[in-house]
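Undergrad: A structural model of the following input is requested.
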Amino acid sequence: MDVLERRDSRAAERVIVNDEAIDLLEATVSHDVLLLLARRQPMARDLREVMAALRIAADIERIGDYAANVAKRSIALNQTAPVPPAANLPVLAETADELLRDVLRAYRDNDAALARTVWERDVELDGLYTSLFRELLTYMMEDPRNITPATHVLFMAKNIERIGDHATNIAENVWFLVNGTPMNEPRKKGDTTSSTVMTATPDERR
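TA: This is a model prediction of the structure:
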């Protein structure tokens, strides 16, 4: 978000390159988990610890991919005039960042209650994404020249929303790690973009 707001393509490129470090760390965790499973054959809580580490590392690696994708889109966006609805992206990103920070703290502290709070807040992020999605569609309908830059913003927003989904995945793994039972409740969904229908106004139809 910092490089997006500053329209700093060089800094965005550094974000993209840094994704490789996360990939390497995730591969290291996966390797260590496989060795541990083969040599120690952990059971019960120990096994849950090992499996949680494997799954959470994979979620964090995907989050890194989404951050890199946002950075790539920001470089393309820097070639166009600013998109007014993009001003709401930092609000979406801040919420996703809060969820990620809280869920990693929950993992560190074995805090199932905090993990559940993160799980429940995903619907809040979905709502923010849906609102921005509709705003971007309206912006694109106003002028076809807005379509390309607004599409970049739309993909960036979706990547940020997906970061929230992975934070929710981590929350479920923390819950299972601590309690030994999965969350059996269905996730609440606030993302209604798949059913959004935009209609032209009478002036636009003329």
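Undergrad: could you measure from Met43 over to Asn179?
TA: Using C-beta to C-beta, to the nearest Å, Met43 is found at 17 Å from Asn179. For the C-beta atoms, the positions are set from N, CA and C on the backbone; glycine is no exception.
Undergrad: one more: Arg145?
TA: 53 Å.
Undergrad: now Pro84
TA: 45 Å.
Undergrad: kindly report the same for Ala76.
TA: With C-beta to C-beta as the criterion, Ala76 and Asn179 are 44 Å apart.
Undergrad: which one's more surrounded, the two?
TA: Ala76 (16 against 13; other C-beta atoms under 10 Å).
Undergrad: now the more buried one: closest residue in space, sequence neighbours ignored.
TA: Once flanking residues are discounted, Ala76 sits nearest to His152: 5.4 Å by C-beta to C-beta, 6 or more residues apart in numbering.
Undergrad: report the central residue of the chain.
TA: By C-alpha atoms, centre = their mean, the chain has its centre lying nearest to Ile163, at 1.0 Å.
Undergrad: these two touch, right, that residue and Tyr66?
TA: Yes - counting by C-beta atoms under 8 Å, Ile163 does reach Tyr66; the two are 5.2 Å apart.
Undergrad: which residues touch Ala96?
TA: 125, 160-161, 163-164, 167 (C-beta atoms under 8 Å, 6 or more residues apart in numbering).
Undergrad: ok, 10 Å please
TA: 1, 63, 66, 122, 125, 128-129, 159-167 (C-beta atoms under 10 Å, 6 or more residues apart in numbering).
Undergrad: Leu114 now?
TA: Applying C-beta under 10 Å, 6+ apart, the residues near Leu114 are 102-103, 105-107, 171, 174.
Undergrad: from those residues, which is closest to Ser194?
TA: The shortest approach to Ser194 among those belongs to Ala171, at 23.1 Å (C-beta to C-beta).
Undergrad: just the element for the closest one, please.
TA: Applying DSSP states H and E as the criterion places Ala171 in helix 147-179.
Undergrad: ok, Asn184 next?
TA: Here Asn184 is assigned to no helix or strand, by DSSP H and E.
Undergrad: so what's the residue count around it?
TA: For Asn184, using other C-beta under 10 Å, the count is 5.
Undergrad: and what of Glu135?
TA: Residues near Glu135, counting by other C-beta under 10 Å: 19.
Undergrad: grab the nearest non-local neighbour of it.
TA: Pro85 (4.6 Å).
Undergrad: isn't the one you found up against Leu132?
TA: Yes - taking contacts as C-beta atoms under 10 Å, Pro85 lies within contact range of Leu132: 6.5 Å.
Undergrad: what is in contact with those two at once?
TA: 153-154, 157.
Undergrad: separate out the buried members of the residues you listed.
TA: By neighbour count, with 16 or more other C-beta atoms under 10 Å, the shared contacts of Pro85 and Leu132 hold 153-154, 157 as buried.
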